[in-house]
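[1] Model the structure of this input:
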Amino acid sequence: MEATVRAIFIKPKKGARAVPLQSVQAAGGLQGDYHTGSVRRRQVLLISGTALDEFDLDPGSISENMVIDGLDVMQLSEGQQLRIGDALVEVTIPCEPCTKMDRVRYGLQDQLQSCRGMFVRVLEPGTVRTGDSVETVGVCR
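    Have a look, this model is predicted:
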């Protein structure tokens, strides 16, 4: 199965509800997301669609930016690069589930250990659309 983008979300400000988009410009994060412009390693959060499906979660409900089908994002390693639509991103760190997950559903923080998702940072800007392919392209050294 080819890996694809199932859904895209931004949060205009911290604590805001996730806003679903059909396409977004990726440059220093996702345009319109409060993490955009950050030089930190937490620009964009990817989660595998299978993780949402396994725990019966709606896309966007746990503050992820992109839902990826056909790829276990937790198997990606730091420095690995992905082409998502027109953008090139680099995997940085795993996302550790925080206590906010228990606000969604009690016990969810523990359930999401080792499958919460991976953060990436944008290396080359580009447009990302739902349905776009996701390809691993190498490792940054």
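
[2] Can you pull the poorly scored residue ranges out of the chain?
    1, 38-39, 139-141 (pLDDT under 70).

[3] what are the bridge partners for the residue most central in space within it, then?
    For the chain, residue 46 is the residue whose C-alpha lies nearest the centre (Cα atoms, centre = their mean; 1.8 Å). Under DSSP bridges, the beta-bridge partners of residue 46 are residue 66, residue 118.

[4] check contacts around it.
    Taking Cβ atoms under 8 Å, 6 or more residues apart in numbering, we find residue 46 in contact with 64, 65, 66, 68, 73, 117, 118, 119, 120. To be clear about C-beta, it is placed using only N, CA and C from the backbone, and glycine gets the same treatment.

[5] Switch those residues over to a markdown table; also include distance to residue 42 and neighbour count.
    Formatted as a markdown table, the contacts of residue 46 follow (distance: Cβ to Cβ, whole Å; neighbours: other Cβ atoms under 10 Å):
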| residue | distance to residue 42 | neighbour count |
| --- | --- | --- |
| 64 | 12 | 25 |
| 65 | 10 | 27 |
| 66 | 14 | 28 |
| 68 | 17 | 25 |
| 73 | 14 | 28 |
| 117 | 11 | 26 |
| 118 | 10 | 24 |
| 119 | 5 | 22 |
| 120 | 9 | 29 |
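
[6] got JSON lines for these, with distance to residue 93 too?
    Formatted as JSON lines, the contacts of residue 46 follow (distance: Cβ to Cβ, whole Å):
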{"residue": "64", "distance to residue 93": "15"}
{"residue": "65", "distance to residue 93": "14"}
{"residue": "66", "distance to residue 93": "16"}
{"residue": "68", "distance to residue 93": "17"}
{"residue": "73", "distance to residue 93": "12"}
{"residue": "117", "distance to residue 93": "10"}
{"residue": "118", "distance to residue 93": "7"}
{"residue": "119", "distance to residue 93": "5"}
{"residue": "120", "distance to residue 93": "9"}
